[in-house]
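Chemist: A predicted structure for the sequence below; I have some questions about it.
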Amino acid sequence: MSQSIDYNTLVYEERVHSRCYIDPDIFNEEMEKIFHQGWVYVGHASEVPENGDYKTTTIGLQPVIMSRGQDGKIRVLMNRCKHRGPTVCQFQKGNAKFFRCAYHGWTYKNSGELIGVPFPKGYGDDFNKVEYGLDEAAVTGEYRGLIFASLSENAMPFEEYLPEPVRKYIDNFFNLSPLGEIDVRRGVLKTDVNANWKHQLENGSADGYHPHFTHENWMNLIAERLGSARKMGVWEDGGPDSGERQRYLGGPAHCTIDYLEKRKRRAEREGLKIPTQLEQSILAVMPHPDTKGDGSKAWEVYPEMSDEAIERYIADMVQAHGEERAKELLASGGSHMSIFPNLQITPLSIRVLRPVAVNKTDVEVYIPWFKGVPDEFNIHRMRGGEGFFGLSAWGGQEDYEMFERIQEGMEAQKNPWTLLTRGMNRQGIDSDGLMEAGITDELCIRKIWEYWLKVMSGEKEVQDCGKISSEEVARS
Amino acid sequence: MTIVSRLLNVGDEEMIALQAKATAFLAKENQLLDAFRYDDWVNLWAMDGIYWLPVERGDDPREMLSHIYEDIHRIKDRVKTSQKEIAYPQEPRSETSRHTSNIIITDLGEDSVTVYSSFCVVEYRKRKQSIYAGHFEHVLTTGDGRLEEMRIRKKTVYLMGSNYPVGNISFIL
Ligand code: FES
Ligand SMILES: [Fe+2]
């Protein structure tokens, strides 16, 4: 590692130096301090439903296996043979009772325990297999099947990493299922983005400013599909009191876009409906009624959402959550949130960021199914997810294109600073004591950098800085 | 990819003629796409067309996420938006050179023929050359037997590495 970097000269509240996105030394330190020492999202339990199911992924740059052992317990194991280092699992997902290293045949149970060492005489009598099981992540934490891990014993307590406000927004997403459960094993779209991981972090955290422009093509398409009778719920340029706002949720640097108030007002006008946000994606992929009988496969690809199915779903929601809460859930239509550093939940998707290099990131998009809802509903969500995140000249690719342009543009160093002042004039503290700002503002991005600076400069060892200081309250 | 008995009963000459026609059709499709003649490409499709790019071979698109699973209306939307100036992932456009070979007829239906082929698309955009390769399966309607009457009823793209991170495929495969 290079000589130490003075991070305090690179990050200020209202601006960040582009070196933070393009310097490989900084990237390496980020992997160390944020990804290898802090908490990181690994996967959802529903991806490994049966004993022996596994998926491989990375924590930062380190290869791991999320494996459900024969005892039903999910472990996060390092994908590295304890003998001389090869990976022991070669697939992205699968089912295995054992992981056998092909180099010299050491064999591990899917719980990590070493059970077979060929030609053991060469190791003498005091060789103890128990000491050579696959390494495990130092700590793991689970909330509603979302599994997080840290490679460091010193990571903050899980409760502090994932405080109550964050859990509430996670609940908003999961509780769109009357059973409160999601199924994440429905395929994943992975994209190789030639840009630093923090562009997606910033964008997915709370950039309500970009959709109008970056996604103009997509929005026009949807507006056309929805017809003049309906308007895409575009995020407007209002302050936090407009009913659409971003909120800083604490923990390390978790954030959300919260449009509940605005949606509630609409729900009050229009009555209980399928989730508003979902409705948009659903309607956007639904064929126009006049395509019925035109010889196309429109209605096969996007099966009809009958009124009856919608009513049944709403009734199940009311029964599961009570009428008030069901109303709120349906109005909010899930969550739009970022869980630092690598998990983002949107009404359609679970998005996972996997940094690969300073200018290379794998972005994974899962479109989970909600359990206990009509299949048509899930199929529509899936088609909606493909419509936005699939291969095309819109949606996800539009975002990724912007990230790559940033990466390219940041080489221009005449003025190396970004500008992060948006909304500083209208941010404040809400009645729950959380910081809030307008939906198109940059409050959450500022808070991410504030935390980033603390961790990277060593001022904090991956600790909670989510609670708002009295100083901050005074300032706003 | 089963070679059904009906296929075996077809005489050599008829088979060769069909093969030649399918080959010409795929070449025409490649040429239109390479030339960005997307509107003409749409006209190659049958009204009941389905365009499918699965994430994993063997997935059921009703159960599992695909990269693309679209009917003719969505295909038209795709073509329309791809040509807009605000199609940023295609600003500038990708240049492509498509190569389809090993073209073989694998099934004969009442009014259609199934064609399996290998493809290689070399793409160039912004100083970066990428290669996308894999297999196509086309179900082509045979119409009255003339080449210009053939239409795509289903196009499945089995893209190598489709279940691993893929690049900016915002042009049409
Ligand atoms: S390196 Fe794995 S068994 Fe030798
Ligand atoms: Fe976006």
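Modeler: Cool, got the structure. Ligands and ions are numbered 1, 2, ... in the order given.
Chemist: just for the stretch 201-350 of chain A, where's the confidence low?
Modeler: Residues of the stretch 201-350 of chain A meeting the criterion pLDDT under 70: A:227-235, A:272-284.
Chemist: quick one: contacts for residue B:61?
Modeler: B:52, B:54, B:69 (Cβ atoms under 8 Å, 6 or more residues apart in numbering or on different chains). C-beta coordinates here come from the backbone N, C-alpha and C atoms, glycine included.
Chemist: would you turn the residues you listed into CSV with pLDDT?
Modeler: Formatted as CSV, the contacts of residue B:61 follow (pLDDT from 0 to 100):
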residue, pLDDT
B:52, 98
B:54, 98
B:69, 96
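Chemist: looking at the residues you listed, state which has the most neighbours.
Modeler: The member of those surrounded by the most neighbours (other Cβ atoms under 10 Å in any protein chain shown) is residue B:69, with 25 neighbours in all.
Chemist: OK, contacts around the closest residue to residue A:109 other than its chain neighbours?
Modeler: Among residues not flanking residue A:109 along the chain, residue A:115 sits closest, at 5.7 Å (Cβ to Cβ, 6 or more residues apart in numbering or on different chains). By Cβ under 8 Å, 6+ apart, residue A:115 lies in contact with A:98, A:107-109, A:129.
Chemist: what about 10 Å?
Modeler: Going by Cβ atoms under 10 Å, 6 or more residues apart in numbering or on different chains, residue A:115 touches A:98, A:100, A:106-109, A:129, A:133.
Chemist: give me the beta-bridge partners of residue A:98?
Modeler: As for beta bridges, residue A:98 partners with residue A:109 under DSSP bridges.
Chemist: residues near whichever residue of chain B sits closest to chain A, how many?
Modeler: Residue nearest to chain A within chain B: residue B:65 (3.1 Å; Cβ to the nearest Cβ). Neighbour count for residue B:65, taken as other Cβ under 10 Å: 26.
Chemist: and it, how far from residue B:102?
Modeler: Separation of residue B:65 from residue B:102 (Cβ to Cβ, to the nearest Å): 29 Å.
Chemist: cool, residue A:237 as well?
Modeler: For residue A:237, the distance to residue B:102 - Cβ to Cβ - is 55 Å.
Chemist: so who does the residue of the stretch 1-150 of chain A found nearest chain B touch?
Modeler: Residue of the stretch 1-150 of chain A nearest chain B, by Cβ to the nearest Cβ: residue A:92 (6.8 Å). Residue A:92 makes contacts with A:54-57, A:188, A:190, B:56, B:163-164, as judged by Cβ under 10 Å, 6+ apart.
Chemist: which other helices and strands contact the helix or strand hosting residue B:99?
Modeler: Counting by DSSP states H and E, the element that carries residue B:99 is strand B:95-108. Of the remaining helices and strands, those touching strand B:95-108 by 3 or more Cβ pairs under 10 Å, 6 or more residues apart in numbering or on different chains; DSSP states H and E are helix B:5-9, helix B:12-34, strand B:112-125, strand B:128-141.
Chemist: let's have those in TSV, adding mean neighbour count.
Modeler: TSV is the format used below for those (neighbours: other Cβ atoms under 10 Å in any protein chain shown):
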stretch	mean neighbour count
helix B:5-9	10
helix B:12-34	15
strand B:112-125	19
strand B:128-141	17
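Chemist: mind giving me the ChimeraX command for buried ones among the contacts of residue A:92?
Modeler: To isolate the buried members of these in ChimeraX, using 16 or more other Cβ atoms under 10 Å in any protein chain shown:
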select /A:54,55,56,57,188,190 /B:163
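Chemist: can I get whichever strand or helix holds residue A:388 as PDB, trimmed to CA atoms?
Modeler: Assigned by DSSP H and E, residue A:388 belongs to helix A:375-389. In PDB, the C-alpha atoms belonging to helix A:375-389 read as follows (Å, rounded to 0.1, in the frame of the first residue of the first chain):
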ATOM      1  CA  ASP A 375     -48.400 -15.900 -10.000                       C
ATOM      2  CA  GLU A 376     -49.500 -13.300 -12.600                       C
ATOM      3  CA  PHE A 377     -48.500 -10.600 -10.200                       C
ATOM      4  CA  ASN A 378     -45.000 -12.000  -9.800                       C
ATOM      5  CA  ILE A 379     -44.700 -12.700 -13.500                       C
ATOM      6  CA  HIS A 380     -45.500  -9.100 -14.200                       C
ATOM      7  CA  ARG A 381     -42.900  -7.900 -11.700                       C
ATOM      8  CA  MET A 382     -40.400 -10.100 -13.400                       C
ATOM      9  CA  ARG A 383     -41.300  -8.800 -16.900                       C
ATOM     10  CA  GLY A 384     -41.200  -5.300 -15.400                       C
ATOM     11  CA  GLY A 385     -37.700  -6.000 -14.000                       C
ATOM     12  CA  GLU A 386     -36.500  -7.200 -17.400                       C
ATOM     13  CA  GLY A 387     -38.100  -4.200 -19.000                       C
ATOM     14  CA  PHE A 388     -36.000  -1.900 -16.900                       C
ATOM     15  CA  PHE A 389     -32.800  -3.900 -16.000                       C
END
